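[1] Just a sequence and a predicted model for now, questions to come.
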Amino acid sequence: LSYIFNSQPMPTRVRVGVCSMEQKTCSEPMKHILNRLDSFGDFEIIVFDNNTILNEPIEAWPICDCLISFFSAGFPLKKAQAYHKLRKPFLINDLESQFLLQNRRKVYEVLHSIGVRVPRYAVYDDQSSKKLIEAEDYVQIDGVRINKPFVEKPISGEDHNIY
């Protein structure tokens, strides 16, 4: 928190900025988290509305001690990063990693690189040079065989459709 690192007087309540599109901010899980934080009495919850996020310059955004920010369709993640650089609130979740979370392939690469076990999967797209074999009861992509039925997910982490 900024007052810890800058020797500023500690505020009576920690200002928690919530910077996400209203669809995420107003979701039931987020409401539960914010209500829980509010119940402690130590936090002032400051919600950045869509108009602020989309239309106001970052210099006009509310000042907070810590920031919770979630990417979703239409959210200006680079603008949120610029706000963090300007105001330097403590980040509850890393803004830079949210770029990574937008691509399922990159998420799997990171999980593999740090030794996290993941379900067997294969990645294929129309521009891929990988060899695809499609049979009645399975598909095989570059030697990885997956029996049908299976879940097919888009590359975009924001696209929650299954095929």
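    Everything's here; your move.
[2] and the lengthiest helix in the chain, which residues are buried?
    Using DSSP state H, we find that the single longest helix of the chain is helix 28-40. Buried residues in helix 28-40, counted by 16 or more other Cβ atoms under 10 Å: M30, L34, L37. Yep, even glycine has a C-beta here, placed from its N, CA and C like the rest.
[3] Please look at the second one and E44 and confirm they touch.
    So the one you mean is L34. No: using Cβ atoms under 8 Å as the test, L34 is too far from E44 to be in contact (11.2 Å).
[4] Do I have it right that Y138 meets V144?
    No: using Cβ under 8 Å, Y138 makes no contact with V144, being 10.3 Å away.
[5] which element follows the longest helix of the chain toward the C-terminus?
    Moving toward the C-terminus from helix 28-40, the next helix or strand (DSSP states H and E) is strand 43-48.
[6] roughly how far is the helix or strand following that next one from the heart of the chain?
    Next helix or strand after strand 43-48 toward the C-terminus (DSSP H and E): helix 50-55. Once both centres are worked out by Cα atoms, centre = their mean, to the nearest Å, helix 50-55 turns out to sit 18 Å from its chain's centre.
[7] Just the residues contacting helix 50-55, thanks.
    Contact with helix 50-55 is made by C19, S20, M21, E22, A60, W61, P62, G74, F75, P76, K79, A80, as judged by Cβ atoms under 8 Å, 6 or more residues apart in numbering.
[8] try 7 Å this time
    The contact list for helix 50-55, computed with Cβ atoms under 7 Å, 6 or more residues apart in numbering, reads C19, M21, E22, W61, P76.
[9] Now, of these, which are buried?
    Buried, going by 16+ other Cβ under 10 Å: C19, M21, W61, out of the contacts of helix 50-55.
[10] Of these, which belong to strands?
    Judged by DSSP state E, strands contain the following of the buried ones among the contacts of helix 50-55: C19.
[11] Turn the buried ones among the contacts of helix 50-55 into JSON lines, including distance to N103.
    Listed next are the buried ones among the contacts of helix 50-55 as JSON lines, based on distance: Cβ to Cβ, whole Å:
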{"residue": "C19", "distance to N103": "22"}
{"residue": "M21", "distance to N103": "19"}
{"residue": "W61", "distance to N103": "27"}
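[12] Would you mind checking which of the buried ones among the contacts of helix 50-55 is nearest to L91?
    Nearest to L91 out of the buried ones among the contacts of helix 50-55 is C19 (Cβ to Cβ; 10.4 Å).
[13] so the closest one touches C64, yeah?
    No: between C19 and C64 there is no contact under Cβ atoms under 7 Å: 8.6 Å.
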